[in-house]
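In: Predicted model and sequence follow; I will ask about them next.
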Amino acid sequence: MIEEFLTAGAVVLSGGAAYALSAARVVKQYERGVVFRLGRLRERVRGPGFTMIVPLVDRLHKINMQIVTMPVPAQEGITRDNVTVRVDAVVYFKVVDPSDALVRVEDYRFAVAQMAQTSLRSIIGKSDLDDLLSNREKLNQGLELMIDSPAVGWGVGIDRVEIKDVSLPETMKRSMARQAEAARDRRARVINADAEYQASKKLAEAAKQMEATPSALQLRLLQTVVAVAAEKNSTLVLPFPVELLRFLERAQQPAAQDGPPAREEQAPAASPAPAPAAPSPDRHREAPAVDLAGDVPAVDLAGDVPAMDPAGEVPAMDPAADVPAVDPVGDIPAVDPGQEVPDVEVEPFRPEGDR
């Protein structure tokens, strides 16, 4: 009898231990337990620690409540200013409602990943290239709102979204590099021009100061010579006295002032235009009057004309010398019509410069 009771007690204890072992569950601190009893969701979510379920009736699902870091693959798109870029990002999210994350979506991780990719492509098309490069905080906030809106119904909360990298085409990189170089060159030229302007103002003030003391300019010249001589070069510097230049300048000014009056004094002394000079007896023969009604012998135009040396010295003529006037209406002796007319040698006409 006693043995039977002991055997029954052992069986009950072993059955109870087996039941307890099959019903016992441990939920970790970063997890939450969702229980389904006969396929129906239990309202109470099991917290961390030891918990019991009904074996063969209840089924416990553990949901991780930690923040998940999910990289978003690089998405290629065209910005609003028609630039092709590749942008990748990273999403930080966590489960805020274990029951909705388990019931309302099949796989919340996959759903968040797909939503992040589509939202990233959408934000690329709505933004300019400058915004992607310099105004990322605003884009991150907009991307977070786009992903968080549908994720709230899945029991998932988006913690933050960050754009990691923006890849540009090589042609765009070269264009941006040229633009940046041109901007730096422009700033350098503006700074150089400003420096030249300030230096010119200082030089003007120095010139006014040196004008009062001419010796200061000579001292400055000597300092320049010393500075050039300090360098190891083959440049030879010969300082020219500034006072000598000023002396020559002062000497040229009176000469320039005396020149025009001298020419004006000579103008009244000039005699009237001289009459045409009488032909030289050596070069022109005086021909007697010829009866135009009589027979005129042929004139030899090909006669020998003495050659003239063009390089010969021409005596200078004094325009003020007295030139005897020639009477064009002088007495010409009468010619007998029956008298023989000697041959007349006519010299070809030559300009005044060739004589």
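Out: Structure received.
In: who touches the helix or strand hosting M70?
Out: Using DSSP states H and E, M70 maps to strand 68-78. The contact list for strand 68-78 (CB atoms under 8 Å, 6 or more residues apart in numbering) reads 84-94, 109, 112-113, 116-117, 120-121, 124-125, 164-165, 167. Where you see a C-beta, it was placed from the backbone N, CA and C, and this is true even at glycine.
In: which neighbours does the helix or strand just after it have in its sheet, and in what orientation?
Out: As assigned by DSSP H and E, the chain's next helix or strand after strand 68-78 is strand 84-95. Next to strand 84-95 in the sheet, as set by DSSP bridges, lie strand 68-78 (antiparallel), strand 156-167 (antiparallel).
In: Which other helices and strands does the biggest helix by length in the chain contact?
Out: For the chain, the helix with the greatest residue count under DSSP state H is helix 170-212. Helix 170-212 sits against helix 214-230, with contacts defined as 3 or more CB pairs under 8 Å, 6 or more residues apart in numbering; DSSP states H and E.
In: buried stuff in the helix it packs on?
Out: In terms of neighbour count (16 or more other CB atoms under 10 Å), helix 214-230 has no buried residues at all.
In: Then stretch 197-205?
Out: Buried, per 16+ other CB under 10 Å, within stretch 197-205: nothing.
In: Same check on stretch 92-108?
Out: Across stretch 92-108, burial judged by 16+ other CB under 10 Å covers 93, 95, 97-102, 105, 108.
In: Got the phi and psi for L38?
Out: phi 50, psi 40 (degrees, to the nearest 10).
In: Contacts only, for it.
Out: So L38 contacts V57 (CB under 8 Å, 6+ apart).
In: same thing but 10 Å
Out: The contact partners of L38, by CB atoms under 10 Å, 6 or more residues apart in numbering, come to 54, 56-59.
In: Pipe the residues you listed into CSV and attach neighbour count per row.
Out: What follows is these, written out as CSV (neighbours: other CB atoms under 10 Å):
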residue, neighbour count
V54, 13
L56, 9
V57, 11
D58, 15
R59, 13
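In: show me where pLDDT drops low in the stretch 1-150 of the chain?
Out: 1 (pLDDT under 70).
In: could you pull out the helices for it?
Out: Per DSSP state H, counting those that start in this stretch, the stretch 1-150 of the chain carries helices over the ranges 2-23, 98-103, 108-125, 129-134, 136-151.
In: Now render these as JSON lines, adding distance to R44.
Out: Output for these, formatted as JSON lines (distance: least, CB to CB, whole Å):
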{"stretch": "helix 2-23", "distance to R44": "16"}
{"stretch": "helix 98-103", "distance to R44": "10"}
{"stretch": "helix 108-125", "distance to R44": "21"}
{"stretch": "helix 129-134", "distance to R44": "47"}
{"stretch": "helix 136-151", "distance to R44": "24"}
